[in-house]
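Peer 1: sequence? don't have it. structure:
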């Protein structure tokens, strides 16, 4: 008897998550919010706990040909901290599960943990547990994180409202452009192993890809400024894709302006060298781990001169209009072009 | 330059965990206890949160040739709930990361989640988040769990003291014996695919292997009886290995009696059929997910007639004596013979 078989690629990652989400019911009174945001929100008296998890798989999320293990360990913690930041929380604890093939030595594991420890120091997070197991093929790193914030201070993807101002931290596209540099250098190396890699002049982008920093600094600053964003997400899949998560959850439309999108100058030049449009890299590249958030218009004065926050557009109530106005003044619809690893 | 390379197998899983643990420092005041127990203990006002994680990797922890995906999903949640039970806590939330190769269809993912949902219903746990990613080879399931208990009610591996009575729930060895049945049936099937598998008469053992139940029932009963175990661990690596974790953390010796070790009658018979010593299976088999705990002698009266708790020995202060007295009255040293997946 032939059973029905639906390829996962037909749903894609987001489709698969929705498909799973629909079938999950919550029953614990302590589960304030479940699947569908950057982290789950859990009642803990006057505070809420924020719980999230992220898995990095060799050959899917990283290539050890050009990824130093220290950086990889750092990144595995950073991407989880970023999820807590995106909920307006402070990270406290992580647990780490490793799957290791016999290619890996104790020294390799030490390098990985050295990177995780550096990240834990930077974010003041404790590594409090884990699981270590064999893996038949590549390296698997699964990190789960527990953060917290005062009850009512947590920020969801769903709170953006008409006239809210859309902000993004830092700059975008660099991580994707850095990946292109690394992929090219790998090709060059495979063709001619005596060639020295040309990474120095692309240091910024390569660093963005290999060792991303979660923007806890901005979370602390917003707190000091007395700003609670109305909605927030971290830019892991790309500006367009992550912005559409906010508009979908908040049931709003949005208008952003291409010429406002912050791109680092060296990343811009490298993109051109690779014959890539820097704005496309910023819109669809992903892995920048910057924060994308909306604020009430009354908070605009407080952040308008912040060197690390750029306002790139605004929210409105026309659900059908989710657009970017190009430099030429043409409105183009925003499209989610996140990666489909299952294709 | 040749770099130093130490094979992970030279340390083994426990050695590797100790090696990692030594290098980790805690800095968050909320981290009450970190690596080295069944779960981390985290301050949350009048309660403590318990955080743990477990990874199941295809080809290491399970073989899809004989593991139905529903059971696998159930087991992935159970083994995590068991870690919370072993801390005397109640499980509340889980997050799940999946790595899926393109062998897996949406229907396969549904079957896996159906099993996880059944476990969530049974243990009253909410699945509140996760991450889904591609995997170049097999299936990877990483579950992290958050539980809680009143502050001071949590139970560590380290509290066993002189004269405490050693107890174990249910029966031991069945899961390992079930694995032998499944491995044999797989061989038979590979040799002659038209043969029908002979699983029914071994239903108990096979069920113990494929669909283990975390002993939350016993945790609730101990609570009702007003018993807080002095130390506790779940039997995942085998009675000997897990008991030695308790003696090491508690700095005590122990004496157990072979004829007290509870073994299910059908498991006993199946072991003999496979020319295995049932007691060796119970001591070293692992994956039973029963609870092994010590109680103060004054609590003995409360549990002595409990149908699901067996007293198998006692704790003493002679650190050098960690022995089992055989049925013949011979004392033999207990040895950790957990699995070394890295060998």
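Peer 2: In hand now; what should we look at? Worth saying up front: this structure is predicted, and the values here are computed from it rather than measured.
Peer 1: Residue A:42 should be in a strand, yeah?
Peer 2: Yes - under DSSP: H, G, I helix; E, B strand; the rest coil, residue A:42 sits within a strand.
Peer 1: So what sits opposite it in the bridge?
Peer 2: On the basis of DSSP bridges, residue A:42 is bridged to residue A:31, residue A:49.
Peer 1: Tell me if I'm right that it and residue A:34 touch.
Peer 2: No - the criterion here is C-beta atoms under 8 Å, and residue A:42 misses it with residue A:34 at 9.5 Å. No exception for glycine: its C-beta is placed from N, CA and C like everyone else's.
Peer 1: which residues do those two both contact?
Peer 2: residue B:128 (C-beta atoms under 8 Å, 6 or more residues apart in numbering or on different chains).
Peer 1: neighbour count winner among those two?
Peer 2: The neighbour comparison of residue A:42 against residue A:34 (other C-beta atoms under 10 Å in any protein chain shown) goes to residue A:42, with 26 against 22.
Peer 1: How about the contacts made by the residue nearest the centre of chain A?
Peer 2: Nearest residue to the geometric centre of chain A (C-alpha atoms, centre = their mean): residue A:236, 2.5 Å. The contact partners of residue A:236, by C-beta under 8 Å, 6+ apart, come to A:79, A:82, A:242, A:286-289.
Peer 1: Among these, which ones are in helices?
Peer 2: A:79, A:82, A:242 (DSSP state H).
Peer 1: Of the residues you listed, which is the nearest to chain B?
Peer 2: Nearest to chain B among the ones in helices among the contacts of residue A:236, counting by C-beta to the nearest C-beta, is residue A:79 at 9.8 Å.
Peer 1: ok, residue A:156 touching residue A:231?
Peer 2: Yes - in terms of C-beta under 8 Å, residue A:156 counts as a neighbour of residue A:231; the distance is 6.5 Å.
Peer 1: Need the residues touching each of the two.
Peer 2: If you check residue A:156 and residue A:231 against C-beta under 8 Å, 6+ apart, the residues they both contact are residue A:249.
Peer 1: Between the two, tell me which one has more neighbours.
Peer 2: Higher neighbour count among residue A:156 and residue A:231: residue A:231, with 26 against 23, using other C-beta under 10 Å.
Peer 1: Report the contact partners of that one.
Peer 2: A:155-160, A:164, A:246, A:249-250, A:293-294.
Peer 1: ok, now with 10 Å
Peer 2: The contact partners of residue A:231, by C-beta atoms under 10 Å, 6 or more residues apart in numbering or on different chains, come to A:37, A:86, A:155-161, A:164, A:166, A:245-247, A:249-250, A:252, A:292-295, A:315.
Peer 1: hmm, which of the residues you listed are the buried ones?
Peer 2: A:37, A:86, A:155-160, A:164, A:166, A:245-247, A:249-250, A:252, A:292-295, A:315 (16 or more other C-beta atoms under 10 Å in any protein chain shown).
Peer 1: Can you narrow the residues you listed down to the ones near chain B?
Peer 2: Residues of those in contact with chain B (C-beta under 10 Å from any C-beta of the partner chain): residue A:37.
Peer 1: Inside strands: which ones of the buried ones among the contacts of residue A:231?
Peer 2: Residues of the buried ones among the contacts of residue A:231 located in strands (DSSP state E): A:166, A:292-295, A:315.
Peer 1: With pLDDT as added columns, please give those residues in JSON lines.
Peer 2: Formatted as JSON lines, those follow (pLDDT from 0 to 100):
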{"residue": "A:166", "pLDDT": "98"}
{"residue": "A:292", "pLDDT": "98"}
{"residue": "A:293", "pLDDT": "98"}
{"residue": "A:294", "pLDDT": "98"}
{"residue": "A:295", "pLDDT": "98"}
{"residue": "A:315", "pLDDT": "98"}
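Peer 1: what's the span of stretch A:270-284 from first residue to last?
Peer 2: End-to-end distance of stretch A:270-284 (C-alpha to C-alpha, to the nearest Å): 16 Å.
Peer 1: Buried residues of it, list them for me.
Peer 2: A:270-271, A:276, A:278-279, A:281-284.
Peer 1: avg pLDDT for that stretch?
Peer 2: For stretch A:270-284, the mean pLDDT works out to 95.
Peer 1: gap between that stretch and the chain center?
Peer 2: 19 Å (C-alpha atoms, centre = their mean, to the nearest Å).
Peer 1: picking up where we left off before, between the buried residues of stretch A:270-284, which is closest to chain B?
Peer 2: Distance to chain B, by C-beta to the nearest C-beta, is smallest for residue A:284 among the buried residues of stretch A:270-284, at 18.5 Å.
Peer 1: I'd say the closest one and residue A:261 touch.
Peer 2: No - counting by C-beta atoms under 10 Å, residue A:284 sits too far from residue A:261 to count as a contact (11.7 Å).
Peer 1: Spit out the residues that contact these two alike.
Peer 2: Contact with both residue A:284 and residue A:261 is made by residues A:172-173, A:239, according to C-beta under 10 Å, 6+ apart.
Peer 1: want to throw the residues you listed into TSV with distance to chain B and pLDDT?
Peer 2: Output for the shared contacts of residue A:284 and residue A:261, formatted as TSV (distance: C-beta to the nearest C-beta, whole Å; pLDDT from 0 to 100):
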residue	distance to chain B	pLDDT
A:172	22	98
A:173	22	97
A:239	20	97
